[in-house]
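In: What would the 3D arrangement of this be:
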Amino acid sequence: MPHLHSDDGIYFVTFRLANTIPHAMLDKIKCNKPDWNFEEYKKAFLKYDSLLNNNEAGVSYLSQKEISDTCKMTLHYPDGKDYKLICYCIMPNHIHFVFELLPGNKGLSKIMQSVKGISSRECNLILQRDGKFWQDESYDRLLRNEVELYFVIKYVLINPVESGLVNNWQGWEYTYCHKDYVVL
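Out: Numbers count the residues shown, from 1 in each chain. Have a look, this model is predicted:
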């Protein structure tokens, strides 16, 4: 999907484990049309996320406590430095998170490179494996207003509920929402 990056603003980012969606399935939902409107991107994202939640590829390292704890720590580390962490959900094979860039941040690309690089290195050590941990490409969206922020936070928080993992978002150990932003 096309990326719109700014030095400030609130971002919604989704990134996933490597090889969690077969290429043939991804090709069906590619968002490479420059004339697509928001609704078309939204439909494509929901198809993408549905594929992740179905976990057809079976890779689910993030369901292991030590791996999820490592990712949780990696998401919290830049909080207050490069961004204000608003919310996240660590699913078995992907992560959704929302944050507001702080003044003087190193930029979205560098932040993502750091988050994914550090967590990848640490998780591969835990798993005693080599190779790509995260898929290179991430989905990111600059949120444009408070209404969009509200719905994205709600979406992130209820992701484990919608996926049938828990009955209440607060029952998912790897869901976080800053106290100023709880919408449910």
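In: In this structure, mark out all the strands, start to finish.
Out: Here the chain has its strands, by DSSP state E, at 10-16, 83-90, 94-101, 139-143, 175-177.
In: how many neighbours does the closest residue to Ser114 other than its chain neighbours have?
Out: With Cβ to Cβ, 6 or more residues apart in numbering as the criterion, Ser114 has its nearest non-adjacent residue at 7.2 Å, and that residue is Pro78. For the C-beta atoms, the positions are set from N, CA and C on the backbone; glycine is no exception. Residues lying near Pro78 (other Cβ atoms under 10 Å) number 19.
In: can you check His178 too?
Out: 16.
In: I'd guessed it sits against Lys84; true?
Out: Yes - with contact defined as Cβ atoms under 8 Å, His178 counts as touching Lys84 (7.4 Å).
In: sorry, back to before: got the strands of the chain as TSV, with mean neighbour count columns?
Out: Shown next, in TSV, are the strands of the chain (neighbours: other Cβ atoms under 10 Å):
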stretch	mean neighbour count
strand 10-16	21
strand 83-90	22
strand 94-101	23
strand 139-143	18
strand 175-177	21
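In: tell me, which of these is the model least confident about?
Out: Sorting these by mean pLDDT places strand 139-143 lowest, at a mean of 91.
In: picking that back up, between the strands of the chain, which gets nearest to Gln64?
Out: strand 83-90 (10.9 Å; Cβ to Cβ).
In: centre of the chain versus that closest one, how much separation?
Out: 9 Å (Cα atoms, centre = their mean, to the nearest Å).
In: Same check on stretch 177-184?
Out: Centroid separation between stretch 177-184 and its chain, computed with Cα atoms, centre = their mean, is 17 Å.
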